[in-house]
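1. For reference, the sequence and a predicted model appear below.
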Amino acid sequence: MAFLILLLFFTNPDSPAAGGSVQDSVASTPQAVFRSVEQGIRSGTIGSLAPFFGKQVSMTIRGSDSGVFSSAQALTILKSYFSGRKLVQFSFSQIVDTVASPYATGRMVVTSRGGKESVQVYFSLTRQDSQWVLTQCNLY
């Protein structure tokens, strides 16, 4: 079974091993990036957002770190944020992809220390190396 999975991975033209990247197959449009981000947050697989981060990400997180971070640092900060919270609900309520820097906003409800917290979410994209990447992440 494992051999079959590996065989499918290496023979799939969209797989990273075949010369493409994970981002190539899902990040061709701002909508695709935002839907992948939304799904990654909903499923709790924050690590799945890594291919979508730009080289630098501006972040503002209420009660936590704010500033401009490398993609690896940004991922670590988000993982840390979600490690202490349980997601109750999340979705983007608005996606604007008709502007030079597409963005998405929404609301997230998390539980932390026994209480519920409502969080406003904002992500924006920029073109880097012909790909749409996340360059801003705010959780207020």
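-> Arrived safely, thanks for sending. Numbers count the residues shown, from 1 in each chain.
2. low pLDDT regions in this structure?
-> Within the chain, the set of residues satisfying pLDDT under 70 comprises 1-27.
3. Please, where are all the strands along it?
-> Under the criterion DSSP state E, the chain carries strands at the ranges 53-61, 66-70, 86-96, 103-112, 115-128, 131-139.
4. Point out the most buried one among these.
-> Most buried of the strands of the chain, by mean neighbour count (mean count of other Cβ atoms under 10 Å): strand 131-139, with a mean of 20. All C-beta atoms are positioned from the backbone trio N, CA, C, and that covers glycine.
5. Just checking: what are the partner strands of that one?
-> Pairing partners of strand 131-139, with direction, according to DSSP bridges: strand 53-61 (parallel), strand 115-128 (antiparallel).
6. Run through who's touching it.
-> 23-24, 27-30, 32-33, 37, 49, 52-62, 74, 78, 81, 101-103, 108, 119-128 (Cβ atoms under 8 Å, 6 or more residues apart in numbering).
7. ok, 6 Å please
-> With Cβ atoms under 6 Å, 6 or more residues apart in numbering as the test, strand 131-139 has contacts from 23, 27, 30, 33, 52-54, 57-61, 119, 121-126.
8. for stretch 46-62, same thing?
-> Contacts with stretch 46-62, where a contact means Cβ under 6 Å, 6+ apart, come from 22-23, 33, 37, 40, 66, 68-69, 71, 74-75, 78-79, 81-82, 128, 133-140.
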